[in-house]
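S.K.: generate coordinates for the sequence data below:
(one chain, ligands or ions: 1)
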Amino acid sequence: MSTPLLDKSETRIRRMFGAIAPTYDLLNHVLSCNVDRYWRWKTTRLVPPARKGAILDVCTGTGDLALAYWRAAGGQVNVIGADFCSEMLSLARRKAARKRASNVRFVQADAQNLPFAANQFQIVCVAFGLRNISDYRRGLAEMVRVAQPTGQVVILEFSRPSNSLWGRLYCWYFRRILPCVGQLISGHSAYHYLPASVLEFPDGEALAQEMRQAGLENVWFRPFAFRIATLYVGTKPGASQQARASTAATQKHQVLPRAMP
Ligand SMILES: C[S@@+](CC[C@H](N)C(=O)[O-])C[C@H]1O[C@@H](n2cnc3c(N)ncnc32)[C@H](O)[C@@H]1O
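M.R.: A predicted model of the protein is given here:
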């Protein structure tokens, strides 16, 4: 059973992000010394978009990864940012308008039940969001479902820092200082939830394994800055591979007719 601090019911999570939305960007950039911006930019470099095919950013919040991908694609592709928190989406829309990103659209949607047909997007990404989804496995399954065959599923998420001196120093900052500064500026306890939720969420090989179980292939991951955050990438199998896999599965489970006595 989860503690009240780690209660990830949709209502609580939506309310929490609604309450911290006005100071969300400021705190992100201050608490990470702007490194969060670099991580999103780096994500678009390591998994660059093609000039064709829409991109979906799940749990988009104030839209930073959606806009980073839009920029990386030279403004040439349609990008959709989806989130269930209307306060975050309002800020995302304002940001997109300021950047004249007319082909970036924001929609209110639950990541566990995306309102998109299967096999749509060249890239389906999520930054610091998967961990907050009530049933993150369902969220991951939805990301895989809407990705096009051979499309990329991209997850940027906090991870447990390495045991190096810097890693341990960061851990102390993350658990002791960040929550207090976060609470002071936002007036909300959400920043106590942040380290607690990171510490209980799978990272590294464990999350990569979850991605394979969700049906992704060629899964790889790359830690950033003493493993403070990690980028995970997997490819949705092509249509022919999917057909082969499903035939093999059917054959494996087929009940063979019993030989007549
Ligand atoms: C930590 S913020 C990340 C925002 C943004 N991706 C970023 O990089 O800053 C997590 C976001 O996930 C959203 N979220 C959490 N659970 C969700 C769900 N089930 N469906 C849609 N959005 C969800 C929250 O509303 C919040 O905006």
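S.K.: contacts, neighbours, all on C-alpha from now
M.R.: Fine.
S.K.: over to Ala233: give its phi and psi.
M.R.: For residue 233 the amino acid is Val, not Ala. In this entry, Val233 is assigned phi and psi values of phi -140, psi 140 (degrees, to the nearest 10).
S.K.: ok, Lys52 touching Gly74?
M.R.: No. If you go by Cα atoms under 8 Å, Lys52 and Gly74 don't touch, sitting 11.3 Å apart.
S.K.: which residues of this protein lie near the ligand?
M.R.: 14, 17, 59-61, 64-65, 83-85, 88, 109-112, 126-129, 132-134 (Cα under 6 Å from any ligand atom).
S.K.: hmm, who's touching stretch 74-89?
M.R.: 14-15, 17-18, 21, 51-63, 66-67, 69-70, 101, 103-111 (Cα atoms under 8 Å, 6 or more residues apart in numbering).
S.K.: pull out the buried residues from it.
M.R.: For stretch 74-89, a neighbour-count test (16 or more other Cα atoms under 10 Å) marks 75-89 as buried.
S.K.: quick one on the thing from earlier: buried ones among the contacts of stretch 74-89?
M.R.: If we count by 16+ other Cα under 10 Å, these have these buried: 14, 17-18, 21, 53-63, 66-67, 69-70, 101, 104-111.
S.K.: and the strands in the stretch 51-200 of the chain?
M.R.: Assigned by DSSP state E, counting those that start in this stretch, the strands in the stretch 51-200 of the chain fall at 55-58, 79-83, 104-108, 121-127, 147-158.
S.K.: mind telling me which residue is nearest the centre of the chain?
M.R.: Closest residue to the average C-alpha location of the chain: Val126 at 2.2 Å, with Cα atoms, centre = their mean.
S.K.: now that residue: how far from Leu178?
M.R.: 22 Å (Cα to Cα, to the nearest Å).
S.K.: next: Leu130.
M.R.: For Leu130, the distance to Leu178 - Cα to Cα - is 21 Å.
S.K.: ok, now Arg71?
M.R.: Relative to Leu178, and taking Cα to Cα, Arg71 is found at 30 Å.
S.K.: how about Asn103?
M.R.: For Asn103 relative to Leu178 (Cα to Cα), the value is 35 Å.
S.K.: how about Gln122?
M.R.: 36 Å.
S.K.: what does Leu27 give?
M.R.: 10 Å.
S.K.: same check on Tyr232?
M.R.: 25 Å.
S.K.: for Ala50, same thing?
M.R.: The value you get for Ala50 to Leu178, if Cα to Cα is used, is 37 Å.
S.K.: between these two, which is the more surrounded one?
M.R.: Leu178 (21 against 14; other Cα atoms under 10 Å).
S.K.: tell me the contacts of that one?
M.R.: Per Cα under 8 Å, 6+ apart, neighbours of Leu178: Leu31, Tyr191.
S.K.: try 10 Å this time
M.R.: Leu27, Leu31, Ser32, Tyr170, Cys171, Trp172, Leu184, Tyr191, His192, Leu194, Pro195 (Cα atoms under 10 Å, 6 or more residues apart in numbering).
S.K.: for Asn113, same thing?
M.R.: Arg138, Gly139, Ala141, Glu142, Met143.
S.K.: let's see it at 8 Å
M.R.: Here Asn113 is in contact with Gly139, Glu142 (Cα under 8 Å, 6+ apart).
S.K.: confidence score at it?
M.R.: For Asn113, the model assigns a pLDDT of 98.
S.K.: tally of neighbours for the spatially closest residue to Ser102 that is not a sequence neighbour?
M.R.: In this structure, Ser102 finds its nearest non-sequential neighbour in Ala96, 7.3 Å apart by Cα to Cα, 6 or more residues apart in numbering. Counted with other Cα under 10 Å, residues neighbouring Ala96 total 21.
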